[in-house]
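[1] what's the 3D shape of this:
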Amino acid sequence: MGCYIYVGIATKIIVEKRRGGYRERIFSTDEILDKLAGQFNLDLYNIAENSQVVGLALKDKVIESYLYDFLYEQSYDLECGKEIREEIEKLKNKDAHQILQMFKDYVLEYIYYNDQDYTRETYLDSDLKLYIEGITYLSDGKIMIECYQEFLRYIHRLIRKATDNPIKDATYLTIV
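    Residues are numbered from 1 along each chain as shown. Sure thing, here's the model as predicted:
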């Protein structure tokens, strides 16, 4: 059971090729990318790999071209939307590195960078062990539910259907 739900934009995704446990298995890069392609638009990411992991990093051009508009659009459905729209003005005319650093330094009150170190199965795929970092634009407390994979999958799909902005295909949810 988790206490908080986070909705964010995945800026970095790392997937372990080896899955341990009772169903030990080694995934190929193609298998991993095929599984992720159902949840993320891989064209938004630079992809790299080594013998242990496959890594995806959101392209700078995507952050610079689409992030502001996406956050602005999403803010209309959030309780503090007016305040969020006012503070994301600080993102204008910045490059991707500056924008990410602002989130990491908590320059904004409502939106921040989430780099929790977790590698685990998620609703995104029950076979893969994922580590995700990203820009959290919604967090809500005291979500106490036992079976949440279908609920999270539903919310994830709603976000992706709700807008034409391509950064929608980089969103994810997690319960912490």
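
[2] show me where pLDDT drops low in this protein?
    The chain contains residues with pLDDT under 70 at 1-2, 4-5, 20-22, 117-123, 141-150, 154, 175-176.

[3] Can you give me the distance of the residue nearest to Ser28 when sequence neighbours are not counted to Glu49?
    Leaving aside its sequence neighbours, Ser28 sits nearest to Lys17 (C-beta to C-beta, 6 or more residues apart in numbering; 7.7 Å). No exception for glycine: its C-beta is placed from N, CA and C like everyone else's. As judged by C-beta to C-beta, to the nearest Å, Lys17 and Glu49 stand 8 Å apart.

[4] Mind checking which of those two has more residues around it?
    Neighbours per residue (other C-beta atoms under 10 Å) separate Lys17 from Glu49, with Lys17 holding more: 19 against 15.

[5] I figured that one was touching Gly55, is that so?
    No: the criterion here is C-beta atoms under 8 Å, and Lys17 misses it with Gly55 at 11.0 Å.

[6] returning to that earlier point: phi, psi of the residue nearest to Ser28?
    phi -80, psi -30 (degrees, to the nearest 10).
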